[in-house]
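Chemist: Generate coordinates for the sequence data below:
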Amino acid sequence: MGIEFRDTDAFIDEILQAYKPIDQVMADASSLVTIRHTLHQIVNVKGD
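Modeler: Got it, this is the predicted structure:
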């Protein structure tokens, strides 16, 4: 599996630096939450 990027006018990306690493967020909240399942992104489609 690889990464495919098509640069078009319809493509709108998000700034990845705006997000905290989810593993760190969950570790910081370990006294408040119990991890029961971990989801993994398969595909992300944006634009036309």
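
Chemist: Only C-alpha atoms from now on, for both contacts and neighbour counts.
Modeler: Fine.

Chemist: and the gap between Thr8 and Ala29?
Modeler: Using C-alpha to C-alpha, to the nearest Å, Thr8 is found at 39 Å from Ala29.

Chemist: With Val43 instead?
Modeler: Per C-alpha to C-alpha, Val43 is found 27 Å from Ala29.

Chemist: And those two? Which one has more around it.
Modeler: In terms of neighbours (other C-alpha atoms under 10 Å), Ala29 is the more surrounded of Val43 and Ala29; the figures are 11 against 6.

Chemist: how far away is the more buried one from His40?
Modeler: For Ala29, the distance to His40 equals 20 Å [C-alpha to C-alpha].

Chemist: low-confidence ranges in this structure?
Modeler: For the chain, the stretches flagged by pLDDT under 70 are 1-7, 9-16, 46-48.

Chemist: Run through the helices of it in chain order.
Modeler: Using DSSP state H, the helices of the chain run over 22-28.
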